[in-house]
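Colleague: Sequence first, then the predicted structure:
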Amino acid sequence: MLSSHAVKRFFGAFWWLRIYLFRHLLQRLFVWRHGLALPGVVILGVDTTVMDNHEALVCPGVRPTCKGVKGFQPLQMTWKGLDA
């Protein structure tokens, strides 16, 4: 089990410029793959899942979600069955 301090150090190690460059790389890969396939229609599936964090002893910055559960709700996108 990770401590909250270890998690803060882990996420604090990410440099915002590196995150931007990684997102740009993912976008370019998507456009490249789209160019290879040349589909007439692109269907993107978007889904969210409420992750339960209700039993955590400390929940800084967490608010109840639409289901009344304290947690977070990540957004996931899929294209041709591949998670993005």
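Modeller: Everything's here; your move.
Colleague: wait, what's in contact with residue 44?
Modeller: 77-79 (C-beta atoms under 8 Å, 6 or more residues apart in numbering). (Glycine included, C-beta is placed from N, CA and C.)
Colleague: Repeat the analysis, applying 10 Å as the threshold.
Modeller: 30, 77-80, 84 (C-beta atoms under 10 Å, 6 or more residues apart in numbering).
Colleague: Residue 22: what's it in contact with?
Modeller: Counting by C-beta under 10 Å, 6+ apart, residue 22 has contacts residue 14.
Colleague: Next secondary structure element downstream of the host helix or strand of it?
Modeller: Using DSSP states H and E, residue 22 sits within helix 16-37. Note on helix 16-37: by DSSP H and E, the next helix or strand toward the C-terminus is strand 44-48.
Colleague: what pLDDT, on average, does that following strand get?
Modeller: If you average the pLDDT over strand 44-48, you get 83.
Colleague: average pLDDT for stretch 10-18?
Modeller: 83.
Colleague: Also stretch 30-38?
Modeller: Here the average pLDDT along stretch 30-38 is 86.
Colleague: quick revisit: let me have the contacts of residue 44 in a markdown table, extended by neighbour count, secondary structure and distance to residue 44.
Modeller: Below are the contacts of residue 44 laid out as a markdown table (neighbours: other C-beta atoms under 10 Å; DSSP: H, G, I helix; E, B strand; the rest coil; distance: C-beta to C-beta, whole Å):
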| residue | neighbour count | secondary structure | distance to residue 44 |
| --- | --- | --- | --- |
| 30 | 15 | helix | 10 |
| 77 | 12 | strand | 6 |
| 78 | 13 | strand | 7 |
| 79 | 16 | strand | 5 |
| 80 | 11 | coil | 10 |
| 84 | 12 | coil | 8 |
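Colleague: Fine by me, thanks again.
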